[in-house]
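Asks: Kindly generate the corresponding structure for this input.
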Amino acid sequence: MVHFFDADIAKKYGVNAAVLACFLWDCTEQKSTESPQLHEGKVWVRCSVQMITGFLPFLSYDEIRYALKQLVKGRVLTKGQFNESRFDRTNWYAFTEFGQFFDDGKRGTNAMMHVADTRDCAFEAFITNLGKYNEGFLVGEWVKFPVTNEEMQEVFRRIGIGRRYEEWFITDYDCPDAAIGKVLGEYDSLSELNYLAGQIMELRESDDFWQAVLDLGENTGSVRKLINLTENLDCFDYLPGVRNDYDLGYYWIEESGCYDTSNLGALANYIDYEGFGRDIRYEEGGVFGDNGYVRSNGGRFVDIYDGDIENIPEEYRISSPVVMERTEVKRQAEQPER
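Replies: Alright, predicted model coming up:
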């Protein structure tokens, strides 16, 4: 994915703010042509910090929140609230006259930032020739998952499966996710592993959310359970950037819209955000991950995959290696080398 930003904004407020400004400008242009939300003569975009993290996953919750404050403080953006419910505290943003430099042709001078996912696989497994291993030789090959059936058949051929030897097993894994790595076994189905890897790769845009759900530890005891977990993320709530009890308490009291502290005056200085957050965490059974807080929301968990290999999508199925007849193997072995 490629993101653009204005060099002048980046110099004055930072690259994160410049990228965010460009994103909001694109949203404003879209609103202008589709269904403009007009207030005070401006086109407004209604969005929360959490929503923006879904579109700009390379920026953390705190980075986005700080960038928004910089843009508002620098009068590039103006902030308002035009929600129908008084309990809805979601902010709305519009560009000021100063901020509308985007429309003056300056966008052509923007720098370009390319954000790429450097991971080209979910995990790797070392596929080993079992017969050669029993003879005292380690013959195998590292395979990146997901993998196509054709690629896997070539691996089998290269490590000697299908000729004299028919069986294989997995001697090692290289998995960046500890919660996943600890349940992967030496005789796991390649089709199931491939299915899981394919599902994980589809979650790259929500990687922080997925990691937090893994930290929660529910339905992670087997490859089958992990596959079903990838299909049930709507059973969990995730608050990016909330990393401790204080952050959790502050979110619920100041940002969730559930409470109004505007009338407390000086008493607001005595709110125990940490204590309140700790009570919430105990009550919900949530956990803090590296980049946010996650909890189960009590939604219905549906087993999409029942453990039957035949129900794995065709694109992920790995067929058994083609075993050559022993007479054919013998005939090939007797052919003189050229």
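Asks: domains of the protein?
Replies: The record's domain parsing of the chain by automatic domain parsing lists 2-114, 118-202+317-338, 205-307.
Asks: could I get those as CSV with mean neighbour count and mean pLDDT?
Replies: The way it works is simple: take the backbone N, C-alpha and C, and place the C-beta from them, glycine included. As requested, these are arranged in CSV below (neighbours: other Cβ atoms under 10 Å; pLDDT from 0 to 100):
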stretch, mean neighbour count, mean pLDDT
domain 2-114, 16, 73
domain 118-202+317-338, 16, 85
domain 205-307, 17, 90
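Asks: does Met20 count as helix, strand or coil?
Replies: Met isn't right for residue 20; it's Leu. Following DSSP: H, G, I helix; E, B strand; the rest coil, the label given to Leu20 is helix.
Asks: Contact partners for it?
Replies: With contact set as Cβ atoms under 8 Å, 6 or more residues apart in numbering, Leu20 has these partners: Ile52, Leu56, Leu59, Ile64, Ala67, Leu68, Leu71.
Asks: list the contacts for the closest residue to Tyr187 other than its chain neighbours?
Replies: Counting by Cβ to Cβ, 6 or more residues apart in numbering, Phe169 is the residue found nearest to Tyr187 once chain neighbours are left out, at 5.7 Å. Contacts for Phe169 were tallied using Cβ under 8 Å, 6+ apart; they are Thr128, Leu130, Tyr133, Glu186, Tyr187.
Asks: distance of Phe169 from Phe288?
Replies: Between Phe169 and Phe288 the distance, using Cβ to Cβ, to the nearest Å, works out to 37 Å.
Asks: What of Val155?
Replies: Looking at Val155 against Phe288, where the rule is Cβ to Cβ, the gap reads 40 Å.
Asks: Okay, now the sheet partners of the helix or strand that contains the residue nearest to Tyr187, with direction.
Replies: For Phe169, the enclosing helix or strand under DSSP states H and E is strand 168-174. Take DSSP bridges as the rule and strand 168-174 pairs in its sheet with strand 123-129 (antiparallel).
Asks: what's the following helix or strand after the strand it pairs with?
Replies: Heading C-terminal from strand 123-129 (DSSP H and E), you reach helix 130-134.
Asks: Output the contacting helices and strands for that following helix.
Replies: Using 3 or more Cβ pairs under 8 Å, 6 or more residues apart in numbering; DSSP states H and E, the elements in contact with helix 130-134 are strand 168-174.
Asks: hmm, try it at 10 Å
Replies: Contacts of helix 130-134 with other secondary structure elements, assessed using 3 or more Cβ pairs under 10 Å, 6 or more residues apart in numbering; DSSP states H and E, are made with strand 140-145, strand 168-174.
Asks: Now render these as a markdown table, adding distance to Ile280.
Replies: Rendered in a markdown table, the data for the helices and strands packed on helix 130-134 read as follows (distance: least, Cβ to Cβ, whole Å):
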| stretch | distance to Ile280 |
| --- | --- |
| strand 140-145 | 38 |
| strand 168-174 | 36 |
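Asks: so Trp92 touches Gly80, yeah?
Replies: Yes. Proximity of Trp92 to Gly80 meets the contact threshold set by Cβ atoms under 10 Å, at 4.9 Å.
Asks: residues shared between the contacts of those two?
Replies: A shared contact of Trp92 and Gly80, defined by Cβ atoms under 10 Å, 6 or more residues apart in numbering, is any residue touching both; here these are His39, Lys42, Trp44, Arg46.
Asks: nearest residue to the last one other than its sequence neighbours?
Replies: In this case it means Arg46. The shortest distance from Arg46 to any non-neighbouring residue, by Cβ to Cβ, 6+ apart, is to Trp92 (4.8 Å).
Asks: any idea how far that neighbour lies from Tyr251?
Replies: Distance from Trp92 to Tyr251, counting by Cβ to Cβ: 19 Å.
Asks: Can you show me the strands along this protein?
Replies: Chain-ordered strands for the chain, with DSSP state E as the definition, fall at 2-5, 38-39, 42-43, 45-46, 77-80, 92-95, 111-114, 123-129, 140-145, 168-174, 236-240, 287-288, 292-296.
Asks: helices or strands up against the fifth one?
Replies: What it means is strand 77-80. Going by 3+ Cβ pairs under 10 Å, 6+ apart, strand 77-80 lies up against helix 15-33, helix 61-73, strand 92-95.
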